[in-house]
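Chemist: Using only what follows, build the 3D model:
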Amino acid sequence: MTVTVLILLLLALGAVGFFLGRARAMAASQGDMRRLHSLPNFYGWHGAIMAFLPALFFLTLWSIAQPLLIERQLAGFFPAEQFENETDRILLMADVRRVAQGIDSAVVAGALTPDQAIALNIADDDVRARLAEVGVALGSAVTAEVLQAAQSYRELASTGGLFRSIFTILIALGCLAYAIKITQADFRARNRVEAVALGMLMLASTIAILTTVGIILSMLSETIRFSTMYPFADFLFGLTWAPTFQGNSQLGLLPLLWGTFYISFVAMVVAVPTGIFTAIYLAEYASPRVRSVVKPLIEVIAGIPTVVFGLFALVTVGPFLREWIAEPTGLGTSGSSVMTAGIVIGILQVPFISSLTDDIMNAVPQSLRDGSYGLGATKSETVRQVILPAALPGIVGAILLAASRAIGETMIVTMGAGASAKLDLNPFEAMTTITVKIVSQLTGDLEFNSPETLVAFALGITLFVITLGLNVFALWVVRRYREQYE
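Modeler: From the prediction side, this is the model:
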């Protein structure tokens, strides 16, 4: 029984638990609802929760532990001394899992019978062809030893799956029976259900926090590995970016950092005034009819995929800037440039800034506007001296959101700015950013055992530090001005 089928079965048992718990509470009330501590639906939800959550928790733990235990059982097939490093063993075990899952898929699809699956011979070309039909390619790395380990993996996984199904169903039925047994008129079902709801909310917030911590630790650990292979001072202050993957690489951060900030600066020059002026018009000057048409049209831009913006930069903005500005003035001859990527990224950020700023300005109390008009101020003076200062903390947050996305943009930069890592003031020259180089360093069938690959994690932690600094600065601005205008 697959995990999906088990979850559906648990959901069905949860539904049964809801109706049984509610019916049990109704019977315990003897027709007088005032005898019940909680509303009948709370008793039903308690039955559903008891039938579903404990079994789901067990199923989750089993699904996590089973592959680890199986790999430990298969350690005898591949002694540690036959590998140069741990990465080779991990890759080989990945091949074992892939082959085992491929054989199971072939059986399900009818390409192999169960008996044929057990008697597979790696030297049989027909076997490779049948597995290829279901999308499993047996490469040269798949030896008879790997196939034997895969067969053992299938056997252990099948046995484990059987016990998993039995124990999961028994736990669900046992907890459901216990829930029905304790359902009495004075049972505090509402308190139990609300405690579970509170626990789920806390779990959700904990998952979010742990995800952030995990991201930081994963990048930090690989960055430390990188620092043991490449001088970290040369990485931080190097002026040349020239990875070779054959050694003697120059992995200087500063050219990438310069390109990231330069393109982001151009994007913000385009996006911030355009977005704020658009928000001022929509919030203070546009009629309700115009606003109902213009605002959705602007927000449509936010839904366009960035690859479409990249194509727009490649075939429209870049050639236009090259033919009408760069070549006539002698500043460049390429359509890929800082200006191309910056303008297009700036257009992409306009909806974020304008929509958030518009909502923030509309949240400014009407009494502030009325007081300003009562003192004789014009609409423009009210906007300039009352509304914008009051909305400033939120506007700073909107600009920060746009700046963070501009710093992290990849596709538009790849297609519009080129891939040249250099220090140059000319905005019509091709440059690149940190995010583009992270992708390029991790593209291909590479192992994490060289500085040219691990440098991607050092670049990632650099981006994290930059965005963290932006958030801290924005928080300082928001707190300072919020105290001033509240």
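
Chemist: C-alpha coordinates for stretch 438-457, CSV please?
Modeler: Output of stretch 438-457 as CSV, limited to C-alpha atoms (Å, rounded to 0.1, in the frame of the first residue of the first chain):
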residue,chain,number,x,y,z
ILE,A,438,25.6,30.9,-8.8
VAL,A,439,23.5,29.2,-11.5
SER,A,440,26.5,28.9,-13.9
GLN,A,441,28.7,27.4,-11.3
LEU,A,442,26.2,24.7,-10.3
THR,A,443,25.1,23.9,-13.9
GLY,A,444,26.1,20.5,-15.2
ASP,A,445,27.0,17.1,-13.7
LEU,A,446,29.4,18.4,-11.0
GLU,A,447,30.4,17.3,-7.6
PHE,A,448,30.9,19.5,-4.6
ASN,A,449,34.6,18.8,-4.2
SER,A,450,36.2,21.8,-6.0
PRO,A,451,36.4,25.5,-5.2
GLU,A,452,34.8,26.3,-8.6
THR,A,453,31.6,24.6,-7.5
LEU,A,454,31.6,25.5,-3.8
VAL,A,455,32.1,29.1,-4.6
ALA,A,456,28.4,29.2,-5.4
PHE,A,457,27.6,28.7,-1.7
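
Chemist: List the buried residues of that stretch.
Modeler: Neighbour-count burial for stretch 438-457 flags 438, 441, 450-457 (criterion: 16 or more other CB atoms under 10 Å). Where you see a C-beta, it was placed from the backbone N, CA and C, and this is true even at glycine.

Chemist: Mind picking the two most distant members of those?
Modeler: Farthest pair in those (CB to CB) is 438 and 450. Separation: 15.2 Å.

Chemist: can you map out the helices along the stretch 151-300 of the chain?
Modeler: Using DSSP state H, counting those that start in this stretch, the helices of the stretch 151-300 of the chain run over residues 189-229, 232-237, 254-280, 288-300.

Chemist: most tightly surrounded among the ones you listed?
Modeler: Among the helices of the stretch 151-300 of the chain, helix 254-280 has the highest mean neighbour count (mean count of other CB atoms under 10 Å), at a mean of 21.

Chemist: and the direction of it versus that of helix 288-300, what angle?
Modeler: Counting by axes from the mean of the first three to the mean of the last three CA atoms, to 10 degrees, helix 254-280 points 160 degrees away from the direction of helix 288-300.

Chemist: So what's the model's average confidence on helix 254-280?
Modeler: Averaged over helix 254-280, pLDDT sits at 93.

Chemist: what packs against that helix?
Modeler: helix 338-362, helix 388-408, helix 434-442 (3 or more CB pairs under 8 Å, 6 or more residues apart in numbering; DSSP states H and E).

Chemist: what distance separates that helix from the centre of its chain?
Modeler: Chain-centre distance of helix 254-280: 24 Å, with CA atoms, centre = their mean, to the nearest Å.

Chemist: next one: stretch 367-377
Modeler: Remark: stretch 367-377 is offset 46 Å from the chain centroid, using CA atoms, centre = their mean.

Chemist: Closest one to residue 467 out of the buried residues of stretch 438-457, please.
Modeler: Distances from residue 467 to the buried residues of stretch 438-457, taken by CB to CB, are shortest for residue 438, at 13.9 Å.
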